[in-house]
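S.K.: just the structure for this:
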Amino acid sequence: MSQKVNKPKENKKTEEQYFLDPFFETLWDQYENSLSISRRRREQRLRGIVDTLDKTTKFNEEYRETLKAFLIDVSNMNNRSVLKRFKNKIEKTNESSDTETIEQPVDGTNRKLEKIMLTPLNSSFELIDKVEKNLKENSESYIDYVIERSNEWSVVTDNYLNKFRLSHQKINHRMEDRVRLLFTQVNTIYRFNNQAHS
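M.R.: Coordinates of the predicted model:
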């Protein structure tokens with residue numbers, strides 16, 4: 001998680017009170033706060049992508065299992081229907097009085113045929129599962145990498161912001177000191193002129 005930029009330390013005993021300090025402190029505090037919020041939201045969005053991918057993968061797995069069960073049921077119904085017609089046809093023709101001896105090889109053939117028919121489907125589903133698993137793992141590792149790099153760059157950015165804040169504060173203090181000096185000199189000249197005219 002990102003960290004808030006540390007404010008520059010101030011030595012309040014020796015430092016004069018500057019007029020614009022509260023304004024610049026508020027400005028910098030708001031900027032740092034919005035930067036922290038932006039970093040947190042970015043990380044939440046990236047974590048949201050992983051969560052969405054997890055939920056999508058789980059949904060797809062459930063959907064494939066449902067589809068597979070449906071196709072197996074349809075296949076079983078078709079095979080039973082074919083087997084029943086075959087038995088009826090044999091019984092009507094009375095070619096064989098022993099239908100039980102014919103049923104066993106037909107049932108065995110039926111099971112083997114079912115396996116053969118479901119093999120491409122199972123292979124396809126296994127391939128899809130592997131692809132989704134790899135996609136999920138790669139996405140998670142990439143997002144973790146992006147967050148880690150972002151956090152490392154945040155430290156560097158925070159250091160630069162801290163330096164920039166100090167520089168900004170020094171520039172502000174110099175400007176105020178010069179304005180004070182200017183007003184002091186103008187005031188001194190004004191008093192000197194007033195004393196000379198009196």
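
S.K.: what sits against the residue lying closest to Tyr18 once chain neighbours are set aside?
M.R.: The shortest distance from Tyr18 to any non-neighbouring residue, by C-beta to C-beta, 6 or more residues apart in numbering, is to Glu176 (5.1 Å). Placement of C-beta: from N, CA and C, glycine included. Taking C-beta atoms under 8 Å, 6 or more residues apart in numbering as the criterion, Glu176 is in contact with Tyr18, Phe19, Leu20.

S.K.: and the last one, what are its phi and psi?
M.R.: The phi and psi values for Leu20, taken as degrees, to the nearest 10, are phi -90, psi 0.

S.K.: also the second one?
M.R.: Its backbone dihedrals place Phe19 at phi -70, psi -40, with angles given as degrees, to the nearest 10.

S.K.: so where does the closest residue to it other than its chain neighbours fall, helix or strand?
M.R.: Distance criterion C-beta to C-beta, 6+ apart; nearest residue to Phe19, sequence neighbours excluded, is Glu176 at 6.2 Å. Assigned by DSSP states H and E, Glu176 belongs to helix 99-197.

S.K.: that helix: how far from the chain's middle?
M.R.: 8 Å (C-alpha atoms, centre = their mean, to the nearest Å).

S.K.: leaving out chain neighbours, which residue sits closest to the residue nearest the centre of the chain?
M.R.: For the chain, the residue sitting closest to the mean C-alpha position, by C-alpha atoms, centre = their mean, is Leu46 at 1.7 Å. Using C-beta to C-beta, 6+ apart and skipping the chain neighbours, the partner closest in space to Leu46 is Ile143 (4.8 Å).

S.K.: surely that neighbour meets Val50?
M.R.: Yes - with contacts counted by C-beta atoms under 8 Å, Ile143 reaches Val50, the gap being 5.7 Å.

S.K.: more crowded one of the two?
M.R.: A count of neighbours by other C-beta atoms under 10 Å puts Ile143 above the other of Ile143 and Val50, at 18 against 15.

S.K.: for the record, mean pLDDT for stretch 45-62?
M.R.: Here stretch 45-62 scores 93 as its mean pLDDT.

S.K.: Pro105 versus Lys92, what's the distance?
M.R.: 20 Å (C-beta to C-beta, to the nearest Å).
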